[in-house]
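Trainee: coords below, sequence missing:
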């Protein structure tokens with residue numbers, strides 16, 4: 001399955017070049033707290049870059065993902081109240097920038113990578129998502145980034 005997502009925004013005000021929008025990779029996460037609070041995994045991220053690496057009074061972000069289903073398991077171990085629902089392998093490419101002024105195509109940053117996304121059901125009720133991945137930012141200030149995120153899909 002191919003998935004496309006565009007996100008963007010623009011703002012004006014008197015923050016004087018501090019920036020309204022920040023763009024970059026996933027922020028650090030306290031995994032224990034994320035499991036307890038079932039934090040959602042949503043948001044706009046330019047993978048392969050540090051969180052908040054780019055900022056400005058506007059941002060543009062295109063995420064392109066190819067999602068390959070690995071398994072639809074819906075099975076657990078014995079009668080334990082935890083089971084694996086499904087697993088996907090995702091290959092992605094991100095293109096975006098947060099900036100002041102006019103959008104310049106030669107300034108756009110590119111990130112590419114892959115991740116495995118698994119969904120677990122806990123206590124027969126709660127959906128828990130585990131995301132393990134690698135991203136590489138191809139332009140400055142990008143680099144190699146590994147990430148592990150826990151949350152829910154909603």
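Mentor: Nice, thanks for sending it over. All values derive from a computational prediction rather than experimental measurement.
Trainee: so where's this structure shaky on pLDDT?
Mentor: Counting by pLDDT under 70, the chain contains low-confidence ranges at 15-18, 39, 41-42, 75-76, 153-154.
Trainee: all helices for this structure, in order.
Mentor: Counting by DSSP state H, the chain has helices at residues 31-37.
Trainee: nearest to the spatial middle of it, which residue is it?
Mentor: In the chain, the centroid-proximal residue (C-alpha atoms, centre = their mean) is residue 45; its distance is 5.0 Å.
Trainee: test my guess that that one contacts residue 94.
Mentor: Yes: at 7.3 Å, residue 45 counts as touching residue 94 under the criterion of C-beta atoms under 8 Å. For every residue, glycine as well, the C-beta is placed using N, CA and C.
Trainee: mind listing the shared neighbours of those two?
Mentor: Shared between the contact lists of residue 45 and residue 94 (criterion: C-beta atoms under 8 Å, 6 or more residues apart in numbering) are residues 61, 63.
Trainee: stretch 89-109: end-to-end distance?
Mentor: By C-alpha to C-alpha, to the nearest Å, the extent of stretch 89-109 from end to end equals 23 Å.
Trainee: if you could redo that for stretch 30-46, that was the one I meant.
Mentor: Stretch 30-46: ends 20 Å apart by C-alpha to C-alpha.
Trainee: ranges for the strands of this protein?
Mentor: 2-10, 21-23, 54-56, 58-76, 82-99, 109-122, 126-137, 144-151 (DSSP state E).
Trainee: distance of the closest residue to residue 89 other than its chain neighbours relative to residue 117?
Mentor: Nearest residue to residue 89, sequence neighbours excluded (C-beta to C-beta, 6 or more residues apart in numbering): residue 68, at 4.6 Å. Going from residue 68 to residue 117 by C-beta to C-beta, to the nearest Å gives 11 Å.
Trainee: who's more crowded, the two?
Mentor: residue 117 (19 against 11; other C-beta atoms under 10 Å).
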